[in-house]
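J.: Sequence below, structure please.
(chains A and B)
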Amino acid sequence: EAGVTQFPSHSVIEKGQTVTLRCDPISGHDNLYWYRRVMGKEIKFLLHFVKESKQDESGMPNNRFLAERTGGTYSTLKVQPAELEDSGVYFCASRDGGYGYTFGSGTRLTVV
Amino acid sequence: DQQVKQNSPSLSVQEGRISILNCDYTNSMFDYFLWYKKYPAEGPTFLISISSIKDKNEDGRFTVFLNKSAKHLSLHIVPSQPGDSAVYFCAASFSGSARQLTFGSGTQLTVLP
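T.: Take a look at the predicted model:
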């Protein structure tokens, strides 16, 4: 089966610009998560979708971050406007009913 | 405050010897623990897990030990191989439908040939 696909793999943008990250989960996985790793620190939870509904968005840093999951399929994470501290690696993961998490390769975002 | 801690940012081990990676947690409500391995430019991949009702789980060269009273778990790799060189993340979760993971900051393992 195809894995979790994220694109772009890298993005370099200027402070104040907008960036949209995309994640295509494994087909049939209702649970989709976004995580972020900043500056080599721990990987932190951002939010969790079940199908198209946001189950938990308690990890979203602030209202500059907007996540959507169209029709319960792919998901986008938009940062608008981007700030320097938003730099990091953004991971998407999808899960079946158990603990079977599969992570994507991540999008490395650099805000300059 | 970090609920899952990996206090060793790096570890170097000779090929063939044992690698021991450690992890501490503070929230006693965590009931499921996982280890992930991450290579550069890739996402974390699942390695091994353990439920809080057990104190040991083994899968080939990998064994995870859980000490609930100490809120401590460890990953043993025996024998270590150069291909094991990667960043290892400890993660914890609560049972239930959400199963959100709380990660430690990772330990870079280098296995020297």
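J.: What are the boundaries of the strands in chain A?
T.: Assigned by DSSP state E, the strands in chain A fall at A:5-7, A:10-13, A:19-24, A:31-37, A:43-50, A:53-56, A:65-69, A:75-79, A:88-95, A:101-103, A:107-111.
J.: confidence score at residue 33?
T.: By default, I'm working from chain A. Predicted confidence (pLDDT) for A:Tyr33: 96.
J.: switch to chain B, that's the one I care about
T.: Reported pLDDT for B:Phe33: 94.
J.: and the gap between it and B:Asn57?
T.: Noted for B:Phe33: a distance of 9 Å to B:Asn57, by CB to CB, to the nearest Å. Every residue, glycine included, has its C-beta placed from N, CA and C.
J.: What is the burial count for the residue nearest to A:Cys23 when sequence neighbours are not counted?
T.: Spatial nearest neighbour of A:Cys23, chain neighbours left out: A:Cys92 (3.3 Å); criterion: CB to CB, 6 or more residues apart in numbering or on different chains. For A:Cys92, the neighbour count with other CB atoms under 10 Å in any protein chain shown is 27.
J.: In chain A, which residue sits nearest chain B?
T.: Residue of chain A nearest chain B, by CB to the nearest CB: A:Phe103 (3.3 Å).
J.: Quick check: that residue vs B:Leu73, distance?
T.: Distance, A:Phe103 to B:Leu73, by CB to CB: 20 Å.
J.: likewise A:Arg37?
T.: In this view, A:Arg37 and B:Leu73 are 21 Å apart by CB to CB.
J.: how would you label whichever residue of chain B sits closest to chain A: helix, strand or coil?
T.: In chain B, no residue comes nearer to chain A than B:Gly43, which is 3.3 Å away by CB to the nearest CB. Three-state assignment for B:Gly43 (DSSP: H, G, I helix; E, B strand; the rest coil): coil.
J.: So for it, what's the nearest residue that isn't a sequence neighbour?
T.: B:Gly43's closest residue in space is A:Phe103 (CB to CB, 6+ apart), at 3.3 Å.
J.: burial count for the one you found?
T.: A:Phe103, neighbours per other CB under 10 Å, totals 22.
J.: picking that back up, who's in contact with the residue of chain B closest to chain A?
T.: A:4, A:91, A:93, A:103-106 (CB atoms under 8 Å, 6 or more residues apart in numbering or on different chains).
J.: right, and the pair among those with maximum separation?
T.: Distances among the contacts of B:Gly43 were taken as CB to CB; the most separated pair is A:Ala93 and A:Ser105, at 11.2 Å.
J.: From the centroid of chain A, which residue is nearest?
T.: Most central in chain A under CA atoms, centre = their mean is A:Trp34, positioned 3.7 Å from the mean C-alpha point.
J.: Who are the contact partners of that one?
T.: Residues in contact with A:Trp34 (CB under 8 Å, 6+ apart) are A:23, A:46-47, A:67, A:75, A:77, A:90-92.
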